[in-house]
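Trainee: missing the sequence, but the structure's below:
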């Protein structure tokens, strides 16, 4: 049933990112002091980003990532799941879900995205990869492919947030964590 390969990926991504948009920025702001204390070795840039992101910017970054996922999903739909782009996005999506579960395990609590990772992201990825394997069209995934995929995912997320920051910046105003708190 892989003729709907792309649609499945896009729907699963939309469900997952709806959870992230609904709770992400507020959750981050509320837990920032605890996270800083617990992970003092994190780079200063991470903390600056976490302090600065607001709901509007976060939603824009999700929309930018959505465009990338939609492109991969369309390619998967067009090729019946054979597309290398679709399969790489599918694998990256599953790894992304594992990262969310790892975050929740490390903090021993709910983190944004962890519920839909357990209920949607990972089950969909496992199912879709099994369907591709059963049809004999699953491309082999080598460790270097995973490394490249993770690097591209990190670059995609960082690029999406950078673009979102630029698109949502208020002209002539320096944005600080305090500005974001007042906006929200």
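Mentor: That came through, no problem. The shown structure was predicted, so the numbers you read here are calculated from the model rather than taken from an experiment. Numbering: from 1, shown residues only.
Trainee: ranges for the strands of the protein?
Mentor: Taking DSSP state E as the test, none of the chain falls into strands.
Trainee: low-confidence bits of it, can you list those?
Mentor: 1-3, 145, 148-149, 171-184 (pLDDT under 70).
Trainee: mind doing that once more with 80?
Mentor: In the predicted model, the chain carries pLDDT under 80 at residues 1-5, 49, 53, 141-157, 161, 170-184.
Trainee: and the gap between residue 56 and residue 62?
Mentor: Residue 56 sits 11 Å away from residue 62, going by CB to CB, to the nearest Å. For glycine as for every other residue, the C-beta is placed from the backbone atoms N, C-alpha and C.
Trainee: look at the two and report which has more neighbours.
Mentor: Taking other CB atoms under 10 Å, residue 56 and residue 62 do not tie; residue 62 has more neighbours (21 against 15).
Trainee: residue 58 - how many residues pack around it?
Mentor: By other CB under 10 Å, the residues close to residue 58 number 20.
Trainee: ok, now which ones touch it?
Mentor: 20, 21, 24, 25, 164 (CB atoms under 8 Å, 6 or more residues apart in numbering).
Trainee: just to check, the fourth one is in contact with residue 55?
Mentor: Yes. The pair residue 25 / residue 55 is scored as a contact, 4.9 Å apart, by CB atoms under 8 Å.
Trainee: higher neighbour count, these two?
Mentor: Remark: of residue 25 and residue 55, residue 25 carries more neighbours, 21 against 17, as counted by other CB under 10 Å.
Trainee: how about TSV for the contacts of residue 58, with distance to residue 50 added?
Mentor: Output for these, formatted as TSV (distance: CB to CB, whole Å):
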residue	distance to residue 50
20	14
21	16
24	10
25	9
164	14
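Trainee: from those, pick the one nearest residue 33.
Mentor: Nearest to residue 33, judged by CB to CB, of the contacts of residue 58 is residue 25 at 15.6 Å.
Trainee: ok, now which ones touch that closest one?
Mentor: By CB under 8 Å, 6+ apart, residue 25 lies in contact with 53, 54, 55, 58, 184.
Trainee: so which of those residues are in helices?
Mentor: Counting by DSSP state H, the part of these found in helices is 55, 58.
Trainee: and the helices in this structure?
Mentor: Assigned by DSSP H, the helices in the chain fall at 5-38, 44-52, 55-79, 84-107, 114-116, 122-134, 143-168, 177-183.
Trainee: also compute the angle for the fourth one relative to helix 55-79, please.
Mentor: Spelled out, that is helix 84-107. 140 degrees (axes from the mean of the first three to the mean of the last three CA atoms, to 10 degrees).
Trainee: mind listing what's buried in helix 84-107?
Mentor: By 16 or more other CB atoms under 10 Å, the buried positions in helix 84-107 come out as 86-97, 99-101, 103-104.
Trainee: fine, thanks again, bye for now.
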